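Trainee: Provided below for reference: sequence and predicted model.
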Amino acid sequence: MTPYKASADLANTGRSAWLVGTGIFLSRIAGLVRDRVFAHYFGNSAAADAFRAAFRIPNLLQNLFGEGVLSASFIPVYARLLADDDAVEAGRVAGAVAALLALIISLLVLLGILAAPYLIDVIVPGFAGEKRGLTIRLVKILFPGAGLLVLSAWCLGILNSHGRFFMSYAAPVVWNAAMIATLIGFGGRSGQAWLVIALAWGSVVGSALQVGIQLPAVVRLVKHLRLSLGVASPHVRTVVRNFGPACLGRGVVQISAYVDAFLASFLPTGAVAALGYAQTLAILPISLFGMSVSAAELPAMSSARGDVDTIAAYLRQRLDVGLRRVAFFIVPSTVAFLALGEVIAAAIYQSGRFTHDDAVYVWAILAGAAIGLMASTLGRLYTSAHYALRDTRTPLYAAVIRIVLATGLAYLGAFVLLPTLGIQPRWGVAGLTLASSLAAWVEFALLRHTLQRRIGPTGLSTFLVAKLCGAAVIGAAVAWLVKWVLAPQHPILAAAVILTAYGLVYLGATYVWGLPEVRVAVRKLTRRADRPTY
């Protein structure tokens, strides 16, 4: 692969990552609006605990069979067929994967509805009485919607492989909009139990809409789409063969979140809901920056051709550029969560039943999650590189080690260490997120080590990380000064002033220190500002 071609590919991937990031940004903003409306009506109540717990259980389907697994097993095969101009076989593979997914998901949805009471006893055994009964009912409603979201992930795989990144990642906006409309439409004239059931039905309607807006584009792109349960094609068998380890790897990662919910169910009321609020915030930068870059890189990495050394050099180049892009945004996100988490949580959630004390509670949980933010985000890019090399087993092994370590540390932190120190039990949920963060760093180290053995040295320089951290710390210090001097009272106004100061100082410091990422961003903004308007 020539340097020119590599440079052109990197530029195209940068544009693709921007489209993914924009779509994710819109969907995450819609999700934050949904959570703010949810917090307004439910706060950290028992109904909030029930919905958060119920939502996790059917959501396991989407996580096990959805985007991450299809990215590992389906996109590399499908993207290579497109690169080879084999549209007929690509359509056959896409149809077979869709049919197999639909069959498997239909059976699992039925099984999940029937087994809902038993799933509740496994996932949140600390729930009892009315809270347990409400959670069971919500799980039965939500399962079909989760099945539909798996088909949405299949649409995403098709669209991404054809270079159509924006729609697939912006599609969840309609799902969030359906839930927001349900809350606003029924929230003022119903009790919490009835409202949370209506919200579950709104989620199912939103899932159907999310699939519906993507299907027309998919049908247009896959001209030879043929639905079939046959696995005679070697390419279909490759997808199925890679699907198992990818599904297990994704499942192991998801077990970590379920372990947190399992342990949090034994903590005082509000712990499960607060954990959900914090995880929504923590996943935002991971999705915007880690997922956007890794999602854009995977099809390109999977299409690489040449001998072993050529492919290795190409992957190293893409990884190093991608890692810098991710780190430029993740480092300030981490410092913001640690230093300004109270401001962020209050701006997003503080309304109605959600008080300032609740915002402080979420901040503590968010700070624990922030410790592992860098590892979780950069790890996505290393995982994509493994998938591009048709290696789904290494991420699985690393994920297994992560979950075992996280579970042990979580139990020790929440139920052994904190009581020994005389800390109130409700704060144990912060120990859960801290344990997950420490385990994420171990997983990241394993992924990087195994990949470097195959393609050679890659990664971020210590000097670059030091510059980014320094700029973020200076920004946080200025933000705290602004908070102390101005002391704005309204949470949204406070966040607007304080976080703007933080962001401007960070960008200014990185610009002065000559980091190319910020200079590229400034040039892009300048060019757009200079364009004539008509």
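Mentor: Structure received.

Trainee: How about Val37: what's its closest non-neighbour residue?
Mentor: Nearest-residue entry for Val37: Leu183, 4.8 Å, with adjacent residues in sequence omitted and distances by Cβ to Cβ, 6 or more residues apart in numbering. For glycine as for every other residue, the C-beta is placed from the backbone atoms N, C-alpha and C.

Trainee: which strands and helices sit next to the one helix or strand the one you found maps to?
Mentor: Per DSSP states H and E: Leu183 is located in helix 172-186. If contacts are counted by 3 or more Cβ pairs under 8 Å, 6 or more residues apart in numbering; DSSP states H and E, helix 172-186 sits against helix 3-42, helix 192-221.

Trainee: Tell me, please, where in the stretch 201-350 of the chain the pLDDT is lower than the cut-off.
Mentor: Residue ranges of the stretch 201-350 of the chain with pLDDT under 70: 244-258, 292, 295-300, 302-305.

Trainee: quick one: the helices in it?
Mentor: Applying DSSP state H, counting those that start in this stretch to the stretch 201-350 of the chain gives helices spanning 234-264, 271-285, 292-302, 308-349.

Trainee: between those, which gets nearest to Met167?
Mentor: Smallest distance to Met167 across these (Cβ to Cβ): 13.1 Å, for helix 292-302.

Trainee: Can you give the domain ranges for the protein?
Mentor: 3-460, 461-526 (automatic domain parsing).

Trainee: Output the ones you listed in JSON lines, with mean neighbour count appended to each entry.
Mentor: Shown next, in JSON lines, are these (neighbours: other Cβ atoms under 10 Å):
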{"stretch": "domain 3-460", "mean neighbour count": "20"}
{"stretch": "domain 461-526", "mean neighbour count": "16"}
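
Trainee: weakest of those domains by average pLDDT?
Mentor: Among the domains of the chain, domain 3-460 has the lowest mean pLDDT, at a mean of 83.

Trainee: Could I have the CA atoms of stretch 75-94 written out in CSV?
Mentor: The C-alpha coordinates for stretch 75-94 follow below in CSV (Å, rounded to 0.1, in the frame of the first residue of the first chain):
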residue,chain,number,x,y,z
ILE,A,75,-18.3,-6.4,9.0
PRO,A,76,-14.8,-7.7,8.2
VAL,A,77,-16.3,-10.4,5.9
TYR,A,78,-18.9,-8.2,4.3
ALA,A,79,-16.5,-5.3,3.8
ARG,A,80,-13.9,-7.5,2.2
LEU,A,81,-16.5,-8.8,-0.3
LEU,A,82,-17.4,-5.2,-1.1
ALA,A,83,-13.8,-4.4,-1.6
ASP,A,84,-13.5,-7.4,-4.0
ASP,A,85,-16.6,-6.1,-6.0
ASP,A,86,-18.5,-9.3,-5.2
ALA,A,87,-22.0,-7.7,-4.7
VAL,A,88,-23.9,-11.0,-5.2
GLU,A,89,-22.1,-12.9,-2.5
ALA,A,90,-22.2,-9.8,-0.2
GLY,A,91,-26.0,-9.8,-0.6
ARG,A,92,-26.2,-13.5,0.1
VAL,A,93,-24.1,-13.1,3.3
ALA,A,94,-26.1,-10.1,4.5
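
Trainee: Can you name the residues in contact with it?
Mentor: If you take Cβ atoms under 8 Å, 6 or more residues apart in numbering as the criterion, stretch 75-94 is touched by 74, 157-158, 160-162, 222-226, 228, 233, 235-236, 238-239, 242, 298-299, 302-303, 305, 387-388, 390.

Trainee: I'd say Thr182 and Trp201 touch.
Mentor: Yes: Thr182 is within contact range of Trp201, at 7.3 Å (criterion: Cβ atoms under 8 Å).

Trainee: residue contacts, Gly341?
Mentor: Gly341 is in contact with 281, 362-364, 366-367, 370, counting by Cβ under 8 Å, 6+ apart.

Trainee: what about it, distance to Pro58?
Mentor: 29 Å (Cβ to Cβ, to the nearest Å).

Trainee: Ala367 too?
Mentor: Taken as Cβ to Cβ, the span from Ala367 to Pro58 is 30 Å.

Trainee: What of Gly470?
Mentor: Gly470 is 44 Å from Pro58, by Cβ to Cβ.

Trainee: which residues touch Gly379?
Mentor: 290, 440, 443-444, 447.

Trainee: quick one, phi/psi of Gly230?
Mentor: phi -70, psi 150 (degrees, to the nearest 10).

Trainee: mind starting the numbering at 55 from now?
Mentor: Sure, I'll start numbering at 55, so the last one becomes Gly284.

Trainee: so it makes contact with Val151?
Mentor: No: applying Cβ under 8 Å as the test, Gly284 and Val151 come out as separate, 11.4 Å apart.

Trainee: Excluding sequence neighbours, find me the nearest residue to Ile238.
Mentor: Closest residue to Ile238 apart from its sequence neighbours, by Cβ to Cβ, 6+ apart: Val91 at 6.6 Å.

Trainee: circling back: so which of the helices and strands packed on helix 226-240 gets nearest Leu471?
Mentor: Using Cβ to Cβ, the nearest of the helices and strands packed on helix 226-240 to Leu471 is helix 57-96, at 29.4 Å.

Trainee: Past that closest one, which element shows up next along the chain?
Mentor: Toward the C-terminus, helix 57-96 is succeeded by helix 100-119 as the next helix or strand (DSSP H and E).

Trainee: chain center to that next one: distance?
Mentor: Once both centres are worked out by Cα atoms, centre = their mean, to the nearest Å, helix 100-119 turns out to sit 15 Å from its chain's centre.

Trainee: One more: stretch 145-161?
Mentor: On Cα atoms, centre = their mean, the centre of stretch 145-161 falls 24 Å from the chain's centre.

Trainee: same thing with stretch 470-489?
Mentor: Distance, centroid of stretch 470-489 to centroid of chain: 25 Å (Cα atoms, centre = their mean).

Trainee: what's the answer for stretch 327-341, then?
Mentor: That offset, for stretch 327-341, works out to 9 Å (Cα atoms, centre = their mean).

Trainee: quick one on the thing from earlier: contacts only, for the residue nearest to Val91.
Mentor: 88, 91-92, 95, 249, 253, 256.

Trainee: Identify, from these, the entry nearest to Leu321.
Mentor: Phe92 (20.2 Å).

Trainee: who's in contact with the residue most central in space within the chain?
Mentor: Centre of the chain computed as the mean C-alpha position; nearest residue by Cα atoms, centre = their mean is Ser341, 4.4 Å away. For Ser341, the contacting residues are 78, 82, by Cβ under 8 Å, 6+ apart.

Trainee: Hmm, Ala484 and Ala418 touching each other?
Mentor: Yes: with contact defined as Cβ under 8 Å, Ala418 counts as touching Ala484 (4.4 Å).

Trainee: Phi, psi for the residue nearest to Val389 when sequence neighbours are not counted please.
Mentor: Once flanking residues are discounted, Val389 sits nearest to Ala526: 3.8 Å by Cβ to Cβ, 6+ apart. Torsion angles at Ala526 (phi, psi; degrees, to the nearest 10) stand at phi -70, psi -40.

Trainee: Brilliant, that's me finished.
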